[in-house]
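Undergrad: One predicted model, sequence on top.
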Amino acid sequence: MAVTAQMVKELREATGAGMMDCKKALTEAECDMERAIDILREKGLSKAAKKADRVAAEGLVTILANEDGTSAAIVEVNSETDFVAKNEDFKVFVRDVAEMALNGDSKDVEELLASQHKEGKELKAVLHDRIATIGEKLDIRRFERLSTNGKLAGYIHGGGKIGVVIELDTDSNDEKIFQLGKDIAMQVAAMNPKYLSRDDVDQDYIAHEKEVLTQQALNEGKPANIVEKMVVGRLNKELKEVCLLDQVFVKDSDFTIGKLVDKVAKEVGSPIKVSRMVRYEVGEGIEKREENFADEVAKQMK
C-alpha cells in the first residue's frame, strides 16, 4: 500500500510532526498508522510525545446526565495549566469526552480512548490532535458512568474544579428530588465526607481512631475510669464530620443531611435513600511540579 496525502495529513494532526517525518514514518510502518505514531514518538519527533513526561494537574471535571436523571457520567480531563482549562476548545473537548462516557459502554479509560469520536476517528487520535493544537499535555484521567432506577443529581463547583454526583433511591419524580440531590452534592463538594453513613465506616478506621483518642485522653491526664466515655464522645463528634448523613447541612444548620432527606421524603410522599456519592476534584492525588514562572517563560522563549 502506498502512502497517501490523506495518511500524512492524519498523522500530522495526531502528532504535530513535520510532513516529511510523517511520510517517512508511514513508509517505515508500511502505512500502519498506530505503528507510525510509535515510530515518531521513538524518534522524539511527536510533539504529543514530547509532552508526555510533563505534569497535567489542572483541568476540568464535567458531569452530563440524561433527561430523566437515570443515567449520568462524570469525567476528569487534565491539562498542564489553568489557563488552558479555561480555553473554549478544551471545554468543548471535555464535554465531548463526557458525552462519549455517558452514551457509550466503555468500562475504563483505555476502552474510552479506543471508541469512536464524532469526528470519525478514535478518541485517542482526537486527544493527540488537541495536544498538538493546544500545545500542552492533556490527559483523560478518569470517568464513571452511573445508572439507577432512582434519580441522579450533580453539582459542579468552581467552574469545574470539583464535581459530585449523588444517587438517590426513590420512586418519586417530584422536582424536589432533584433539588435535594443537588443540595446534597453541594454538601459533598464543600465538606468532602469519607462515608455516606456510620454503617459504611470501616471497622479498622473505628479501631484505629479509638486507639488514638484513648491515648490522647490518657496523655491529657484524664482518669482511666472516664477515658472510655470521653473516647465515645469524641468518636461520635468525629463521625459527624466524616459521615455525610450526620453532617450539618451547609445551607441550613437546623438540619443534618439525614434529617433533610427525611423532611423531603415526607413532602413527596415517598422514601428516599442516599445510596451513592461520587466526588472528583481536579488534580487530587497528582504531585504538582513547582516551577518559577519567570524561568518557565524564559524556557518558552529559547
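TA: Nice, thanks for sending it over.
Undergrad: quick one: the helices in the stretch 51-200 of the chain?
TA: When secondary structure is read from DSSP state H, counting those that start in this stretch, the stretch 51-200 of the chain shows helices at 82-85, 88-103, 109-114, 123-134, 175-191.
Undergrad: In CSV: the ones you listed, plus mean pLDDT, distance to Tyr155 and mean neighbour count.
TA: Heads up, the C-betas are built off the backbone N, CA and C, glycines and all. Output for those, formatted as CSV (pLDDT from 0 to 100; distance: least, C-beta to C-beta, whole Å; neighbours: other C-beta atoms under 10 Å):
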stretch, mean pLDDT, distance to Tyr155, mean neighbour count
helix 82-85, 91, 18, 17
helix 88-103, 96, 15, 18
helix 109-114, 96, 23, 15
helix 123-134, 90, 26, 20
helix 175-191, 97, 4, 19
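Undergrad: who wins for proximity to Glu76 among these?
TA: Minimum separation from Glu76 across the helices of the stretch 51-200 of the chain (C-beta to C-beta) falls at helix 88-103, 8.7 Å.
Undergrad: one step back: Pro271: which of the helices of the stretch 51-200 of the chain is closest?
TA: Across the helices of the stretch 51-200 of the chain, the minimum distance to Pro271, taken as C-beta to C-beta, is reached by helix 175-191, at 11.4 Å.
Undergrad: Can you point out the buried residues in the helix or strand following the closest one?
TA: Tracing the chain C-terminally past helix 175-191 and defining elements by DSSP states H and E, one meets helix 203-219 next. Neighbour-count burial for helix 203-219, with 16 or more other C-beta atoms under 10 Å as criterion, is recorded at 209, 213-214, 217.
Undergrad: which of the residues you listed sit farthest apart?
TA: So for the buried residues of helix 203-219, where distance means C-beta to C-beta, the most widely separated pair is Glu209 and Ala217, at 12.3 Å.
Undergrad: check contacts around Glu28.
TA: Glu28 makes contact with 36, 39 under the criterion C-beta atoms under 8 Å, 6 or more residues apart in numbering.
Undergrad: isn't Phe90 right next to Leu60, touching?
TA: Yes. A contact is recorded between Phe90 and Leu60 when judged using C-beta atoms under 8 Å, the distance being 7.3 Å.
Undergrad: Quick check: neighbours shared by those two?
TA: Once C-beta under 8 Å, 6+ apart is applied, the residues that Phe90 and Leu60 both contact turn out to be Val77.
Undergrad: ok, back up a step: any chance of the helices of the stretch 51-200 of the chain in CSV with distance to Ala265 as columns?
TA: As requested, the helices of the stretch 51-200 of the chain are exported to CSV (distance: least, C-beta to C-beta, whole Å):
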stretch, distance to Ala265
helix 82-85, 38
helix 88-103, 28
helix 109-114, 36
helix 123-134, 41
helix 175-191, 9
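Undergrad: Between those, which one is closest to Ile74.
TA: Using C-beta to C-beta as the criterion, the shortest distance between Ile74 and those is 7.7 Å, found for helix 88-103.
Undergrad: From the rest of the structure, what touches that closest one?
TA: Taking C-beta under 8 Å, 6+ apart as the rule, helix 88-103 contacts 59-60, 62-66, 71-75, 77, 79, 84, 106, 112, 115, 117-118, 123, 126-127, 130, 133-134, 138, 140, 143-145, 160.
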